[in-house]
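Novice: Got a predicted model here, sequence first, then my questions.
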Amino acid sequence: MKKVISTNKAPSAIGPYNQAILSNNTLYCSGQIAINPETGNIVIDNITNETTQVMKNILEVLKAAGMDFSNVVKSTIFMKNMNDYAKINKVYSTFFSEKPPAREAVQVSVLPKNVNIEISVIAVK
């Protein structure tokens, strides 16, 4: 079974994909970038605000599936600059009160819309 999960409280997909797919009890969330869903503007003034917006967008997708960050079992962080890693971790950690998920974090040369960070997650009910 494959169910599309979508919410207008997170940015719409900017390509041929969905915000998330729920298959059985597993939610596969597409990568989120720091687009403010209310304005459509990209938040790139600093990596702290950018990461916060990304995490808020992920939370809204999780909520649309009846979940929250406690359901996340795996995440992937793509960042443009590994020097931002400590600042990203500081924000990221505030969204996981206990038992953070498995994760990898990699530096990439370019991300969609030339943002500095993209994060995807997998969550389980």
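Specialist: Cool, got the structure.
Novice: And for stretch 100-108, what's in contact with it?
Specialist: 72-82, 85, 88, 93, 121 (Cβ atoms under 8 Å, 6 or more residues apart in numbering). To be clear about C-beta, it is placed using only N, CA and C from the backbone, and glycine gets the same treatment.
Novice: which stretches of the chain form helices?
Specialist: Remark: helices assigned in the chain by DSSP state H are 47-64, 85-93.
Novice: ok, residues contacting the last one?
Specialist: Helix 85-93 has contacts (Cβ under 8 Å, 6+ apart) with 47, 48, 51, 52, 55, 77, 79, 100, 105, 117, 119.
Novice: distance of the third one from residue 4?
Specialist: The span separating residue 51 from residue 4 equals 26 Å under the rule Cβ to Cβ, to the nearest Å.
Novice: Those two: which is more packed in?
Specialist: Of the pair residue 51 and residue 4, residue 51 is the one with more neighbours under other Cβ atoms under 10 Å, namely 26 against 9.
Novice: No further questions, thank you.
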